[in-house]
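Enquirer: got a predicted structure plus its sequence, pasted below:
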Amino acid sequence: MKTLAAPLLASMPLFSLMLSVHAHAAEREWVPYRKLVETVKADKFYALPAGERDKVILYARLIPVNKAIAPGDVKLTVVDGASRTPLPLDAAGRMRVNPNQQWLANDAKIWTSLPSGEKSGISFDIGAVLPDTTQWQYASVMGAVPQSNAAIGKVAGALSMFVPTMKSVIFKFDKPAQISIKAKDGERRYATDARHQLRLKFEKDLLKENPVVALSERPFEAEIDSE
């Protein structure tokens with residue numbers, strides 16, 4: 001997912017949003033909720049048939065221009081009339097965006113805790129949906145790679161040329177872990193690196209074979225990546 005944010009911000013103004021507005025007490029109005037949805041193409045993504053996006057997670061990612069600001073420390077709140085709803089960010093500044101039709105209809109606004117004068121960008125990241133178990137068929141997770149490429153092509157249209165082709169899934173664990181693929185040509189075993197991460201390259205032949213994949217434990221995240 002780290003591979004998507006920088007190219008989109010650097011190359012495509014349509015996918016980046018740089019704003020600075022006046023301060024309002026401890027927080028300030030940032031952007032309309034609709035603008036967030038449209039910037040990351042969440043409306044178009046969720047308009048795809050479920051079978052074309054069921055393996056992929058779409059995130060909006062907040063990227064402060066000031067590198068001294070930790071993205072996960074920024075507070076975002078949707079203000080819809082008298083209603084206020086927090087939009088929690090993870091440590092990377094990400095949130096899942098499934099368009100809220102009421103907020104769209106009411107032209108709700110997003111308020112931010114970023115100080116006045118601080119700018120930020122919005123891009124999108126993608127991840128793979130993980131089963132609740134530690135054993136699954138190859139296609140159920142690794143199929144997210146071709147599905148994400150197809151979805152990007154449909155959602156971004158001509159702009160998809162600026163988005164790298166996804167090629168692998170990075171599994172992230174809390175501790176050392178192993179993954180084995182019980183392929184017809186023999187069992188393949190993989191171990192996590194020093195950061196407790198493990199990258200599996202997508203293979204068309206394995207997708208067709210669809211072997212069993214066994215993990216020593218369930219990862220907390222699966223990142224779709226272009227390398």
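Expert: Okay, I see it. Fair warning: this is a prediction, and the values are worked out from it, not measured in the lab. Numbers count the residues shown, from 1 in each chain.
Enquirer: just checking, what packs against the strand or helix carrying Val145?
Expert: Here Val145, judged by DSSP states H and E, is contained in helix 144-156. Applying 3 or more CB pairs under 8 Å, 6 or more residues apart in numbering; DSSP states H and E, we find helix 144-156 packed against helix 42-47, strand 56-64, strand 120-128, strand 168-172, strand 221-225. C-beta: built from backbone N, CA, C; applies to glycine.
Enquirer: Asp54 and Val129 touch, don't they?
Expert: Yes. Look at Asp54 against Val129 with CB atoms under 8 Å: they come within range, at 7.0 Å.
Enquirer: quick check: next helix or strand after the worst-scoring helix or strand of the chain on mean pLDDT?
Expert: Taking mean pLDDT, DSSP states H and E as the measure, the chain has helix 2-11 as its least confident helix or strand, at a mean of 36. Later in the chain than helix 2-11, the nearest helix or strand by DSSP H and E is strand 28-32.
Enquirer: show me which residues of that following strand are buried.
Expert: For strand 28-32, the neighbour count (16 or more other CB atoms under 10 Å) marks 28, 30-31 as buried.
Enquirer: poorly predicted segments of the protein, please.
Expert: Scanning the chain for pLDDT under 70 picks out the ranges 1-25, 158-161.
Enquirer: okay, now the domains of it?
Expert: 2-126, 133-225 (automatic domain parsing).
Enquirer: what sits against the residue nearest to Leu58 when sequence neighbours are not counted?
Expert: Of all residues not flanking Leu58 in the chain, Phe45 sits nearest, at 5.1 Å (CB to CB, 6 or more residues apart in numbering). Counting by CB atoms under 8 Å, 6 or more residues apart in numbering, Phe45 touches 53, 58, 151, 155.
Enquirer: the closest residue in space to Ser120 that isn't next to it in sequence: how many residues sit nearby?
Expert: Nearest residue to Ser120, sequence neighbours excluded (CB to CB, 6+ apart): Pro64, at 4.8 Å. Pro64 is flanked by 18 other residues according to other CB atoms under 10 Å.
Enquirer: just checking, Pro64 touches Pro115?
Expert: No. Between Pro64 and Pro115 there is no contact under CB under 8 Å: 10.3 Å.
Enquirer: can you list the buried residues in stretch 206-216?
Expert: 206-207, 211, 213-215.
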